[in-house]
Structure formats: structure tokens, C-alpha cells
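S.K.: here are the coordinates; sequence isn't available:
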């Protein structure tokens, strides 16, 4: 690792960590694999230091003893519906599952929240009645629909 990062979140994988990290880094802009440690030159990755959108993580391929849980998730704030759709579709493909209110679990069992910036703006609006309508609309969604949120916000 060229730059020392004092704090990193460690994600425990059974043995598919390298595949998962390569996938994640390809999905989120501003992401990179920083280093890969292997027990043997041709062996599987043991530890992968990487960043997603500039946030540092470490993946550890350590066996089936521990599983991911929704108690810890990666939250990605998206710019618009197109980015929301792209990330949602990629992360739920190949065995991922949709959750409620922008939550999903990918094929490796890692939980994500895909949150359009518009949702945050509407929820933090000074117009608390409009924010309440947005929240009610969001609670009925799996993948967040920016257009439906806008309609709820603007409803008179």
C-alpha cells in the first residue's frame, strides 16, 4: 500500500473477495485496488486494500466462519436516476436481492444502500409536509424512483 490509511473497514469474504472487489471497483467512479497480498505468487488473494469513491476498505478472504450482515452496509449517494438504475441493476444481478427503501444485498451477501441525492434533498426540505410525503412514497419502494419522489414532493 503506497499511502498509509489509519482507518479502513474490513470486509470478510469466504474466498470470492477478489472477484467481488474487482466488480465493485469497476462500478463506483473514483475507485481503485491499492494492493493485493497473496500467500503464494499464484495463490488467491488473502488481503485486498482498495477504495470505493475514495473511501478506504480492506477485503479479507478468510473462510466461511463469518457472513455479511445488513447491520453494516455500503451507502452510495447517486447523482440521478440513471446512476441509481445502473448501480442497482449491477448489484442485484447474478443472485443479489432487492430490499426496501434503497437497500439491497449483492451476490456476495454484502448490503448496500443506493440513495439518490434528490431523496436527501427532499427529506431535508424546510417544507416538512412535502418531506413527509416523500418519506411515505420512499417507504413503498425497493429501488428509489426519483421521479415518484419528485411527484410526491410537488403534490399540493
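M.R.: Received it, and whenever you're ready, just let me know what you need. Because the structure is predicted, anything quoted here is derived from the model rather than measured.

S.K.: Could you tell me how many residues sit around the closest residue to residue 135 other than its chain neighbours?
M.R.: Nearest residue to residue 135, sequence neighbours excluded (Cβ to Cβ, 6 or more residues apart in numbering): residue 123, at 6.4 Å. Every residue, glycine included, has its C-beta placed from N, CA and C. Here the number of neighbours of residue 123 (other Cβ atoms under 10 Å) works out to 16.

S.K.: can you pull the contacts of residue 123?
M.R.: Neighbouring residues of residue 123 by Cβ atoms under 8 Å, 6 or more residues apart in numbering: 131, 134-135, 138.

S.K.: ranking these by neighbours, who comes first?
M.R.: Neighbour counts for the contacts of residue 123, by other Cβ under 10 Å, peak at residue 134, which reaches 25 neighbours.

S.K.: part of a helix, is that one?
M.R.: Yes - read with DSSP: H, G, I helix; E, B strand; the rest coil, residue 134 is one of the residues of a helix.

S.K.: Neighbours of the residue nearest to it when sequence neighbours are not counted, how many?
M.R.: Nearest residue to residue 134, sequence neighbours excluded (Cβ to Cβ, 6+ apart): residue 122, at 4.2 Å. Residues near residue 122, counting by other Cβ under 10 Å, number 23.

S.K.: so residue 74, which of the three states?
M.R.: Counting by three-state DSSP, the backbone at residue 74 sits in strand.

S.K.: For the closest residue to it other than its chain neighbours, pull up the helix or strand it's in.
M.R.: Distances taken as Cβ to Cβ, 6+ apart put residue 112 closest to residue 74, at 5.1 Å, once the chain neighbours are dropped. Assigned by DSSP states H and E, residue 112 belongs to strand 111-116.
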